[in-house]
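Participant: Let's see this in three dimensions:
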Amino acid sequence: MANTLHFIHSYWAYLVLLIVVLATINALAGFFSKREYGAKDFRISLFALIVTHIQLLIGIILYVTSPLGLQNITNNGMGVVMKDSTFRLYAVEHPMMMILTVVFITIGYSKHKKNLLSNKKFKTLAIFYTIGLVLMLSRIPWSQWF
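Facilitator: Numbering: from 1, shown residues only. Model prediction:
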């Protein structure tokens, strides 16, 4: 089961990255061009929210079942995990940054709906989605991707 989840989590991540980059660029472009916020913009930001939440759920299940996640901490202890950069990445840094990514995207999406003006909607999305994207990019295990 862990292999299947790892496969899904790894390949879904490409979609997540693509959609979050697209949503961030869309929000920045909308903000700087001062265009009206429309249904397309709403769908793009909503789709980014949905794919990140699905990835988070898969990641949580994988974290609990994978030998590099919670089992690694349980078997080796937190001291050993924190001293090994690979263990630390998979057991602590990657999960924490991805949770924060989802939190920022969720906050941005929720806050943008309360704004009535298009420019404020785009500004809110641009700020929170950019922070989420930077956090995501900071802790993707790039060695596994290439």
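Participant: from here on, contacts and neighbour counts on C-alpha atoms
Facilitator: Will do.
Participant: for the helix or strand where Ile50 lies, which positions count as buried?
Facilitator: Ile50 belongs to helix 39-65 when assigned by DSSP states H and E. Buried positions in helix 39-65, judged by neighbour count with 16 or more other Cα atoms under 10 Å: 41, 44-53, 55-56, 58-59, 62-63, 65.
Participant: Next secondary structure element downstream of that helix?
Facilitator: Next along from helix 39-65, by DSSP H and E: helix 70-76.
Participant: residues in contact with Ala23?
Facilitator: Ala23 sits next to Ile44, Ser45, Ala48, Tyr129 when contact means Cα atoms under 8 Å, 6 or more residues apart in numbering.
Participant: quick one: contacts for Ile61?
Facilitator: Leu5.
Participant: ditto for Ala48
Facilitator: Ala48 sits in contact with Val16, Ile19, Val20, Ala23, Ile105, where contact means Cα under 8 Å, 6+ apart.
Participant: just Trp12 next, same as before
Facilitator: Gln55.
Participant: Average pLDDT for stretch 29-49, rounded please.
Facilitator: The average pLDDT for stretch 29-49 rounds to 97.
Participant: Skipping adjacent residues, who's closest to the spatially most central residue of the chain in space?
Facilitator: By Cα atoms, centre = their mean, the chain has its centre lying nearest to Thr101, at 4.3 Å. Among residues not flanking Thr101 along the chain, Gly132 sits closest, at 4.2 Å (Cα to Cα, 6 or more residues apart in numbering).
Participant: So the one you found, which state does it fall into?
Facilitator: helix (DSSP: H, G, I helix; E, B strand; the rest coil).
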